[in-house]
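Asker: I would like the atomic coordinates for the input below:
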Amino acid sequence: MRLRPAPPTLARTAVLASAVALLACTGQALAAPAPDNSALSTTPFALDATGSPSKTRFDSAMQGFSVESADFAHGYLTQDLLAKRLKTLGPHGVLRLGGYSMDLVWPAFGAAADAPAPAQAIGGTVDQSDLDGLKKLLDSTGWKVTLGVPLKSLIDPSKLKNPAKDPAPQVTMDQVVDEVKAAHATLGDDLLSVEVGNEYDNVTTLTPAEMWSTVKHYQAEIDAALPHAHLKMTGPSANTALTNSVIDGFADAALADGADAPRRTLAEMASHLYAGSHCGTSTTTMTQLMSPDTYLKARTKLQGIKAVGDRLHHTVPMTLNESNSASCSGQPGVSDAYGSSLWALDHLLETSQNDVSRLLFHTNTAAVCGDFKPRDSSDYPISYRYYGAFCAADQAQLDAHQLSASPLYYGLWTFRQLPKGHFVDLGLPDDALGDLRAYGIENEHGTLHVVLINVQDPAAADATDDTVTIKLPRSMHTARATTLVSSAPGGLSSLDAGAITLGGARMTPAGTADRTPHSTPVRVAAGTSTVTVAPGSAQIISISR
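Answerer: Okay, the predicted model is just below:
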């Protein structure tokens, strides 16, 4: 519930003063001062956390990364480069090897192991050495992988929408099967599934029913070569359209083969979703990214995905196996700005709350920050993608495997602090979404974790503190808050990732935190707790008995 705005308050000044005092006592170096918004007015909100937990489960291990097959082919998925960055996000996660370059790599396995890659294979060559490096990375982190394989070269050429655009090397089904055989032999159970093509509805005229038949054909060929592996497939990896007509039709075709057919064939049913676009002449602004309209459009899309899962009686996990703030490498000044931290945290929670099982953020793996190169560059795929989770300050740091965390990474790291549990409805109305996002999660021990995100830009003249009063079960008496915030003066558009902290902690270029995130006490009295969330910040309030 959103209440009538209150008169100006100095509450935020007191909070900042307390933080400064705490840092001074601990000897921690102070970051650059935040904008002076001490005269901000407040917008009061009332939330109710006394309801019973819902049936919707929450697990922060549902996050992960989607990376281009070209990155894999160039040997960038290594223990030295990525292990610490993945482990910091938890001992479990998923890497998806795919993306647009899924059709632009050359699998050098079996009879093709010694064959030269054709000129069309601009994504590089995948061979056993890439699988061996991936195996070390997965063993080191506990993460697992889905493997994308080509589609365009294996279907009727008349079904391609634009054969002249990035023509695919002529990979055969034998090559696909040989690659999967080698991946299974090397990775074992860490290979979760095989994904057939990327956004087939963007690059082919195949109908959903034809795509279902294609996926079944791939599985049959793989089963014939690996009869005891029982590998399942990922599909249809539909594009970013806000409708769900593709996966609806795909589900129709699968169910036409019998109620058990989807479960027998699919490890997951995957869709893609980007909040905005930087393709062609399209642009995305920070205001659009953080807007209620973007949130509500995503919710409609996610609810549609959930409805397909309901039709399948939850026998197949529903996933977003490629997502981020803006498609086509992200929007400069938005995807790489501080606001993407808050957006990523919100997007993960919204996705999970709508019962989608996994969300993978598309990212680069080896790039120098700001060094953007187009896909037709001779250096492809060594390209900085504005929505990437990490990048090196310069080539020397990249060579030393020193990758700085981007704002996006901080959002994922904050999300990873939350425990397994079930969502609790807090009663936040849609008309509050321009100021506040709020989520409640109760873990198995009865501790309630409330995530509050003030999505207003602290650099805006009309930004307000969100003063949130949470009605709690009477048995809860103790609370602590961990805050995600930036001290940079640019507000949500700040490009200074080094000014971002989570509970006072920062990520180091080595891929680990410089300290454990710190939490501060929050007062609980008479079954309520009131907290102030500054513009452009998020808090995790952990409330226990």
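Asker: Okay, strands next: where are they in the stretch 351-500 of the chain?
Answerer: For the stretch 351-500 of the chain, the strands defined by DSSP state E, counting those that start in this stretch occupy 358-362, 390-391, 404-405, 421-424, 436-442, 448-454, 465-471, 478-486, 500-502.
Asker: Could you export those strands as a markdown table, including distance to Val171, mean neighbour count and mean pLDDT?
Answerer: No exception for glycine: its C-beta is placed from N, CA and C like everyone else's. Shown next, in a markdown table, are those (distance: least, C-beta to C-beta, whole Å; neighbours: other C-beta atoms under 10 Å; pLDDT from 0 to 100):
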| stretch | distance to Val171 | mean neighbour count | mean pLDDT |
| --- | --- | --- | --- |
| strand 358-362 | 22 | 25 | 98 |
| strand 390-391 | 31 | 26 | 96 |
| strand 404-405 | 36 | 21 | 96 |
| strand 421-424 | 43 | 20 | 98 |
| strand 436-442 | 43 | 24 | 98 |
| strand 448-454 | 44 | 25 | 98 |
| strand 465-471 | 53 | 23 | 97 |
| strand 478-486 | 44 | 22 | 98 |
| strand 500-502 | 42 | 23 | 98 |
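Asker: Out of those strands, which is closest to Phe65?
Answerer: strand 358-362 (5.7 Å; C-beta to C-beta).
Asker: Mind giving me the packing neighbours of the closest one?
Answerer: With contacts defined as 3 or more C-beta pairs under 8 Å, 6 or more residues apart in numbering; DSSP states H and E, strand 358-362 has these neighbours: strand 63-68, strand 94-98, strand 318-327, helix 339-353.
Asker: In the first one, which residues are buried?
Answerer: Neighbour counts over strand 63-68 (16 or more other C-beta atoms under 10 Å) mark 63-68 as buried.
Asker: Helix 339-353 and that one, what's the angle between them?
Answerer: Computed by axes from the mean of the first three to the mean of the last three C-alpha atoms, to 10 degrees, the angle separating strand 63-68 from helix 339-353 equals 110 degrees.
Asker: Contacts for strand 63-68, please.
Answerer: With C-beta atoms under 8 Å, 6 or more residues apart in numbering as the test, strand 63-68 has contacts from 76-77, 86, 89, 93-101, 123, 143, 321-323, 348, 358-365, 381, 389, 412, 415-416.
Asker: If we use 6 Å, what do you get?
Answerer: 93-96, 99, 101, 322, 348, 359-363, 365, 381, 412 (C-beta atoms under 6 Å, 6 or more residues apart in numbering).
Asker: Could you do the last one as well?
Answerer: Applying C-beta under 6 Å, 6+ apart, the external contacts of helix 339-353 come out as 58, 62-63, 286, 289-290, 302, 325, 359, 407-408, 410-411, 414-415, 423, 437, 439, 453, 492, 538.
Asker: Now which of those would you call buried?
Answerer: Neighbour counting with 16+ other C-beta under 10 Å marks 58, 62-63, 286, 289-290, 302, 325, 359, 407-408, 410-411, 414-415, 423, 437, 439, 453, 492, 538 as buried within the contacts of helix 339-353.
Asker: before we move on, the earlier item: looking at the strands of the stretch 351-500 of the chain, which is closest to Asp371?
Answerer: Nearest of the strands of the stretch 351-500 of the chain to Asp371, taken as C-beta to C-beta: strand 390-391 at 8.2 Å.
Asker: What strands flank that closest one, and is each parallel or antiparallel?
Answerer: Each strand paired with strand 390-391, and its direction, by DSSP bridges: strand 404-405 (antiparallel).
Asker: Can you give me the buried ones in stretch 336-350?
Answerer: Buried residues in stretch 336-350 (16+ other C-beta under 10 Å): 336-350.
Asker: Alpha carbons only: can I get that stretch in PDB?
Answerer: Provided in PDB are the C-alpha atoms of stretch 336-350 (Å, rounded to 0.1, in the frame of the first residue of the first chain):
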ATOM      1  CA  ASP A 336      26.900  -0.900 -18.100                       C
ATOM      2  CA  ALA A 337      25.600   1.700 -15.600                       C
ATOM      3  CA  TYR A 338      24.800   1.400 -12.000                       C
ATOM      4  CA  GLY A 339      21.100   1.100 -12.500                       C
ATOM      5  CA  SER A 340      21.600  -2.300 -14.100                       C
ATOM      6  CA  SER A 341      22.600  -3.600 -10.700                       C
ATOM      7  CA  LEU A 342      19.200  -2.800  -9.300                       C
ATOM      8  CA  TRP A 343      17.400  -3.900 -12.500                       C
ATOM      9  CA  ALA A 344      19.200  -7.300 -12.500                       C
ATOM     10  CA  LEU A 345      18.300  -7.900  -8.800                       C
ATOM     11  CA  ASP A 346      14.700  -7.000  -9.600                       C
ATOM     12  CA  HIS A 347      14.600  -9.000 -12.800                       C
ATOM     13  CA  LEU A 348      15.900 -12.100 -11.000                       C
ATOM     14  CA  LEU A 349      13.300 -11.800  -8.300                       C
ATOM     15  CA  GLU A 350      10.400 -11.100 -10.600                       C
END
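Asker: circling back to that earlier point, lowest pLDDT pick from the contacts of strand 63-68?
Answerer: Across the contacts of strand 63-68, the bottom pLDDT score, 83, is held by Pro381.
Asker: Taking their axis directions, the longest strand belonging to the chain and helix 339-353 sit at what angle?
Answerer: Longest strand of the chain, by residue count under DSSP state E: strand 266-277. Going by the same axes, to 10 degrees, strand 266-277 is angled at 140 degrees with respect to helix 339-353.
Asker: quick one: strand 266-277 to strand 94-98, angle?
Answerer: Using the same axes, to 10 degrees: strand 266-277 against strand 94-98 is 80 degrees.
Asker: partners of strand 266-277 in the sheet?
Answerer: strand 233-238 (parallel), strand 318-327 (parallel).
Asker: So what touches it?
Answerer: Strand 266-277 is contacted by residues 192-193, 232-234, 237-240, 247, 284, 288-289, 294, 301, 305, 316-327 when judged by C-beta under 6 Å, 6+ apart.
Asker: hmm, 7 Å instead?
Answerer: Residues from elsewhere that reach strand 266-277 (C-beta atoms under 7 Å, 6 or more residues apart in numbering): 192-193, 199, 232-235, 237-240, 247, 284, 288-289, 294, 298, 301, 305, 308, 316-328, 331.
Asker: For the most centrally placed residue in the chain, list the residues it contacts.
Answerer: In the chain, the centroid-proximal residue (C-alpha atoms, centre = their mean) is Phe361; its distance is 3.4 Å. Shown in contact with Phe361 (C-beta under 7 Å, 6+ apart): 65-66, 323-324, 389, 408.
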